[in-house]
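**Student:** Next comes the sequence, and after it the predicted model I'd like to discuss.
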Amino acid sequence: MKPISKKQRAWLLGTALLLTVAATASVNNQDDGDTGVVQPEIPKTHESRQNRERLATAEPSTDIPVDKLRRPAMPEEVKDMFTVKSWYVPPPPPKIVPLPVAPPFSYAYIGKMFEMGDRPAVFLEKQKRIFIVREGDAIDRIYRIDSIVPPVMTLTYLPLDIKQTVQIGEAN
């Protein structure tokens with residue numbers, strides 16, 4: 001068999017195309033009377049004509065329960081259908097820790113002494129023991145004397161590093 005050339009193939013395809021177009025046009029031009037619209041069959045009786053006329057002129061009936069056709073009103077408080085749910089548990093509130101407080105000064109003030117050129121001295125008493133203290137001294141490793149400026153002696157409670165004052169009166 002001899003192969004078909006490009007020119008022959010083009011003529012063959014062009015002819016097939018023209019035949020297809022001609023066949024499609026002839027099918028569309030055929031008139032078989034079918035318009036595609038279906039008309040309902042209307043009975044020719046006298047009774048049906050009267051019914052149609054009566055329905056056309058009749059007013060709407062009031063025996064239809066229109067209230068049942070209405071949609072009920074929505075309640076004013078509607079629950080949220082899409083509430084957020086979480087498994088998060090907040091931590092407990094922090095406990096309020098009171099600030100530490102130094103105990104009251106347990107030494108009794110007896111007196112003071114001012115000598116020329118010397119630091120002032122204060123006499124304190126606890127459980128029948130007498131202490132003579134000056135600035136910078138420590139008492140039983142619990143209190144440190146910071147300053148002695150009449151009428152006040154300032155000291156520090158060493159375990160908590162809290163300052164306290166003791167009234168010693170005016171200088172004589």
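**Tutor:** The structure has been received and is ready for your questions.
**Student:** Quick check: buried residues in stretch 140-147?
**Tutor:** 143-145 (16 or more other CB atoms under 10 Å). C-betas here are computed from N, CA, C, even on glycine.
**Student:** The lowest-mean-pLDDT helix or strand in the chain: what's the following helix or strand?
**Tutor:** The helix or strand of the chain with the poorest confidence is helix 46-57; it has a mean of 65 (mean pLDDT, DSSP states H and E). Downstream of helix 46-57, the first helix or strand assigned by DSSP states H and E is helix 66-69.
**Student:** could you say what helices and strands that next one packs with?
**Tutor:** Under the contact criterion of 3 or more CB pairs under 8 Å, 6 or more residues apart in numbering; DSSP states H and E, helix 66-69 touches no helix or strand at all.
**Student:** immediately after that helix, which helix or strand?
**Tutor:** Next along the chain from helix 66-69, counting by DSSP H and E, comes strand 108-113.
**Student:** next one: the following helix or strand past that following strand to chain centre, how far?
**Tutor:** Proceeding N to C from strand 108-113, the next assigned helix or strand is strand 121-126, under DSSP H and E. Relative to its parent chain, strand 121-126 has a centroid offset of 64 Å by CA atoms, centre = their mean, to the nearest Å.
**Student:** In strand 121-126, which residues are buried?
**Tutor:** 121-124.
**Student:** Pull the most distant pair out of the residues you listed.
**Tutor:** Among the buried residues of strand 121-126, the pair separated by the greatest distance (CB to CB) is Ala121 and Leu124, at 10.2 Å.
**Student:** need the contact list for Tyr143.
**Tutor:** 105, 107, 155-158, 164 (CB atoms under 8 Å, 6 or more residues apart in numbering).
**Student:** repeat that for 7 Å
**Tutor:** Counting by CB atoms under 7 Å, 6 or more residues apart in numbering, Tyr143 touches 155-158.
**Student:** Of the residues you listed - the most surrounded one?
**Tutor:** Leu155 (26 neighbours; other CB atoms under 10 Å).
**Student:** pLDDT on stretch 86-103, on average?
**Tutor:** For stretch 86-103, the mean pLDDT works out to 91.
**Student:** I meant to write stretch 24-40 there.
**Tutor:** Mean predicted confidence for stretch 24-40 is 67.
**Student:** same thing with stretch 117-125?
**Tutor:** 89.
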